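# Sequence plus predicted model, see below.
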Amino acid sequence: MNAFNRLILLIVSLLLLAVPVLLLLINFGVIPADLIDQYTGYRTAVQTLGDLSASTFTTGVRTVITVVGALVALIALLLLLRELTFGRRVSRSTVMDNTPGRETIITANAVKTLVESAAREVGAESPSTSLASEDDSYVVYTGIQVPPSDNYTELAARARENIRRVLRDQGVPVKDIEVTVRGIAL
């Protein structure tokens, strides 16, 4: 995940946490409202929102506000979903050899490149790979496209075996390999 997406998610998360917490603290009298208003100006914002009425907007303005709000919500949701791994522990690197003086670590990007090259070797097109980590071994998820003249299951099986062979030859610890056919290459 790149830094821009993380920054946006951090800002959204802080706003979603800080605003309700501050309002609750003000409501229960823990923090004086004047102190918070002095630093944030929230009373002006609340007053402005209170002065707005749906009848003051034309249908066109309401439509634009709805579309912009939906787009902002959709972008925030997409950024959040890209950040989540849904239970898979994503690995950045794995130790291949722990012998003192011969320590070897392979990065996830190197493994992805090996996997995608191995899939292309057997005829798969547009391979994309994601990795998870279990017990110091990789779990490889690869999506491929199949040329129109090729057999789906045969190519997926060949790609899986070639990926397993290439990773084994390089000494990369692998727990499981899953190859999914995403469709026909055009």
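Arrived safely, thanks for sending.

# On the three-state scheme, residue 111 is what?
helix (DSSP: H, G, I helix; E, B strand; the rest coil).

# How much space separates it from residue 121?
For residue 111, the distance to residue 121 equals 16 Å [C-beta to C-beta, to the nearest Å]. Backbone N, C-alpha and C define where each C-beta goes, glycine included.

# When the two are compared, which one has more neighbours?
Shown here are residue 111 and residue 121; by other C-beta atoms under 10 Å, residue 111 has more neighbours (22 against 14).

# show me what contacts that one?
94, 129, 131, 138, 140, 167, 172 (C-beta atoms under 8 Å, 6 or more residues apart in numbering).

# Filter these down to the buried ones.
When the contacts of residue 111 are checked for burial by 16 or more other C-beta atoms under 10 Å, the buried set is 94, 129, 131, 138, 140, 167, 172.

# could you pull out the strands for the protein?
Taking DSSP state E as the criterion, the chain carries its strands at 93-97, 104-107, 125-134, 137-146, 174-184.

# that older thread, which pair of the contacts of residue 111 spans the longest distance?
Pairwise distances across the contacts of residue 111 peak at 14.5 Å for 94 and 129 (criterion: C-beta to C-beta).

# what about the helices in the protein?
Assigned by DSSP state H, the chain shows helices spanning 3-27, 33-40, 42-51, 59-83, 108-121, 152-169.

# Now tabulate those helices in JSON lines and tack on mean pLDDT and distance to residue 144.
Output for the helices of the chain, formatted as JSON lines (pLDDT from 0 to 100; distance: least, C-beta to C-beta, whole Å):
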{"stretch": "helix 3-27", "mean pLDDT": "79", "distance to residue 144": "26"}
{"stretch": "helix 33-40", "mean pLDDT": "84", "distance to residue 144": "52"}
{"stretch": "helix 42-51", "mean pLDDT": "81", "distance to residue 144": "51"}
{"stretch": "helix 59-83", "mean pLDDT": "80", "distance to residue 144": "22"}
{"stretch": "helix 108-121", "mean pLDDT": "89", "distance to residue 144": "6"}
{"stretch": "helix 152-169", "mean pLDDT": "91", "distance to residue 144": "6"}
